[in-house]
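J.: Sequence plus predicted model, see below.
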Amino acid sequence: MRAVLFLSFILLFLNCEDKQTKKKNTSETKVEKPIKKEVVKDTVEEPEREFPKLNSKTAMEFFLEYDKHHKENKVRITTDFGDIDILLYDETKFHRSNFIWLTKQGYFNDTQFYRVIDNFIVQAGNSDDVKTARKRSYIGKYLLPPDTKRGFKHDRGVISMPSSEIRNPHKLASPFEFFIVCQKGGAHFLDGDYTIFGHVTRGMDVVDKIAAVETDDGDWPDKNIFIRNVEILN
């Protein structure tokens, strides 16, 4: 009888040990699920553009439409030497619209008179400042076709648009720049090559002061002459 009880006790003990071992192993081998971390992506977006970025294929259509809604034609250029008031011609509507649009974009502010030749021209709208390059990059890279058969001559006081510096047999105009003729008697040998799109109505004395400054061998003024502001007049 004792042997039977002892044997039953042994079996009960071994059975409990086996359960404890299984419970322990189950606890030790439990694999926790990994915690998923949300990845925050950069959501920096470019500000919405008011106008599209222009190129030579889209510029003409853009300014044709722009001309229908923006008829301003009087501007004031404030320089380090004083103010120059200019009337822009309706006949050269693409060039007029381009100048008005760039004025409203603030492009000309802080650009310079970078080419000055006494008794010939003063040329402006460029700069060696990186801010000007950034403005151009944002606005777009485009050229305007010449519009030279409107009967205008390169008389003293007219504002005209130079051609691009790139290889340019068709004299496509560089839209960011302009020059004012200050040559006495005019510079009529330029007629037919460059688009005249306005003339100075007040401030030729300022133009003459700019033209008279000292320049380096590249006609760049020894002391920078800035356009501080260009505004549209009523």
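T.: That came in fine, so what should we check first?

J.: Looking at the nearest residue to Met161 once chain neighbours are set aside now. What's its pLDDT?
T.: Closest residue to Met161 apart from its sequence neighbours, by Cβ to Cβ, 6 or more residues apart in numbering: Ala173 at 4.1 Å. For every residue, glycine as well, the C-beta is placed using N, CA and C. pLDDT for Ala173: 87.

J.: Correct me if wrong: Ala173 contacts Phe197.
T.: No - using Cβ atoms under 8 Å, Ala173 is not in contact with Phe197; the gap is 9.1 Å.

J.: Settle it for me: which of those two has more neighbours?
T.: Set side by side, Ala173 and Phe197 show more neighbours around Phe197, with 30 against 27, by other Cβ atoms under 10 Å.

J.: Doesn't the more buried one belong to a strand?
T.: Yes - assigned with DSSP: H, G, I helix; E, B strand; the rest coil, Phe197 falls within a strand.

J.: Helices of this structure, start to end?
T.: All helices of the chain, identified by DSSP state H, fall at 2-28, 59-69, 93-104, 130-139, 204-211.

J.: Out of these, name the one with the poorest average pLDDT.
T.: Minimum mean pLDDT among those: helix 2-28, a mean of 49.

J.: And stretch 78-98, what's buried?
T.: For stretch 78-98, burial by neighbour count (16 or more other Cβ atoms under 10 Å) applies to 78-81, 84, 86-89, 92-98.

J.: measure it end to end?
T.: 19 Å (Cα to Cα, to the nearest Å).

J.: on that earlier part again, shared neighbours, Ala173 and Phe197?
T.: 95, 161 (Cβ atoms under 8 Å, 6 or more residues apart in numbering).

J.: What sits closest to Ile225 if chain neighbours are left out?
T.: Phe113 is the one closest to Ile225 (Cβ to Cβ, 6+ apart), at 4.4 Å.

J.: Mind listing the residues bridging to that neighbour?
T.: Under DSSP bridges, the beta-bridge partners of Phe113 are Ala124.

J.: Verify the stated contact: it with Phe81.
T.: No - between Phe113 and Phe81 there is no contact under Cβ under 8 Å: 9.0 Å.

J.: Could you tell me which residues touch both of those two?
T.: 210, 225.

J.: and the two most separated of the buried residues of stretch 78-98?
T.: Maximum pairwise distance in the buried residues of stretch 78-98, criterion Cβ to Cβ, is 31.1 Å, between Asp80 and Lys93.

J.: how many other residues sit next to the residue nearest to Asp216 when sequence neighbours are not counted?
T.: Among residues not flanking Asp216 along the chain, Asp222 sits closest, at 6.3 Å (Cβ to Cβ, 6+ apart). Per other Cβ under 10 Å, the neighbour tally for Asp222 reads 10.

J.: just Arg49 next, same as before
T.: With other Cβ under 10 Å as criterion, Arg49 counts 8.
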